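K.L.:
model the following, please.
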Amino acid sequence: MCGSFCEANHTFYAGGESGWVLNPSEPYSHWAERNRFQVNDTIVFKFELGSNSALFVYKEDYYNCNKEDPIVILDHGDSRFTFNGPGTFSFISGHEDNCEKGQKLMIVVLSPNHTKAQEAQTSLSPTPAESIGPVLLPAPTPAKSGAPAGRVFENREENSKLEMLEGAKSMDAGAATIASSYHFASDLPIEVATQEKEKK
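P.N.:
Model prediction:
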């Protein structure tokens, strides 16, 4: 029997049909709010190669549009990032001042237990009085520590994997379930794939 691990995963394209651009047809915040992201889903950042990039950053850097301390750099133009844990994931554009102009995206990934609880509640069709209860939210994000950043770049080999280039440091609630305390590419559970071949 399959169990919960056989549930289908989904692939989302950041910004929808517009792709990862400065002025999408739908604001990134609206796009993120109307979609439901779960563990093991994948987000794709599509843009013209060399014209942009997507940076997975700490929440503090998301709000400040700080491009100097990214956790992961996605720059292949068809870059894929898999959510291997629940929490908040923050992305900004690494191109010039695009982030300051609004090209940034924050995604909340639900835990499997949260998703199942929602489905069970929906199937029971509760009345408004019955549905009142606590809402599960990602854990609060700790402030960035002064330790060196754990910085990961997208590999340019056909079977791309992540390589940790610097020491690890305490990360946001979403990132902590994925990359904290990992020092080697073979240890990282993040899967960043690309359809681009090695740059010539």
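
K.L.:
CA atoms for contacts and neighbours, from now on please.
P.N.:
Noted.

K.L.:
show me what contacts Asn52?
P.N.:
Contact criterion C-alpha atoms under 8 Å, 6 or more residues apart in numbering gives 75, 77, 93-95 as the residues in contact with Asn52.

K.L.:
and for Phe47?
P.N.:
Contacts for Phe47 (C-alpha under 8 Å, 6+ apart) come out as 19-21, 53, 77-78.

K.L.:
by neighbour count, which of the residues you listed wins?
P.N.:
Highest neighbour count within these: Trp20, with 26 neighbours (other C-alpha atoms under 10 Å).

K.L.:
could you check how far Arg80 is from Tyr63?
P.N.:
Here the distance between Arg80 and Tyr63 works out to 23 Å (C-alpha to C-alpha, to the nearest Å).

K.L.:
more neighbours, those two?
P.N.:
Set side by side, Arg80 and Tyr63 show unequal neighbour counts under other C-alpha under 10 Å, the larger going to Arg80 at 22 against 15.

K.L.:
burial check on the residue nearest to the more buried one when sequence neighbours are not counted, number of neighbours?
P.N.:
Nearest residue to Arg80 in three dimensions, chain neighbours excluded: Val44, at 4.5 Å (C-alpha to C-alpha, 6 or more residues apart in numbering). As a burial measure, the neighbour count of Val44 was computed by other C-alpha under 10 Å and equals 24.

K.L.:
now swap in Gly50 and tell me
P.N.:
Other residues near Gly50 number 10, with proximity taken as other C-alpha under 10 Å.

K.L.:
list the contacts of stretch 97-113.
P.N.:
Contacting residues not belonging to stretch 97-113 are listed as 21-23, 28-29, 32, 36-39, 62, 65, 83, 85-93, 138, 174 [C-alpha under 8 Å, 6+ apart].

K.L.:
among the residues you listed, which are located in helices?
P.N.:
Judged by DSSP state H, helices contain the following of those: 28-29, 32, 62, 174.

K.L.:
in the protein, what secondary structure element scores lowest on mean pLDDT?
P.N.:
The least trusted helix or strand in the chain, going by mean pLDDT, DSSP states H and E, turns out to be strand 162-164, with a mean of 39.

K.L.:
which stretches of this structure form helices?
P.N.:
Along the chain, the stretches classed as helices by DSSP H are 28-34, 59-64, 112-124, 173-179.

K.L.:
now do the shortest one, average pLDDT.
P.N.:
In this model, helix 59-64 carries a mean pLDDT of 98.

K.L.:
low-confidence ranges, this structure, go.
P.N.:
By pLDDT under 70, the low-scoring segments of the chain are 1-8, 114-200.

K.L.:
now do the strands in it.
P.N.:
Under the criterion DSSP state E, strands of the chain are mapped to 11-13, 37-38, 42-46, 54-57, 72-74, 78-82, 87-93, 104-110, 152-154, 162-164.

K.L.:
return the most buried member of those.
P.N.:
Among the strands of the chain, strand 54-57 has the highest mean neighbour count (mean count of other C-alpha atoms under 10 Å), at a mean of 27.

K.L.:
and that one, which strands flank it?
P.N.:
The strands beside strand 54-57 in its sheet (DSSP bridges) come out as strand 72-74 (antiparallel), strand 87-93 (antiparallel).
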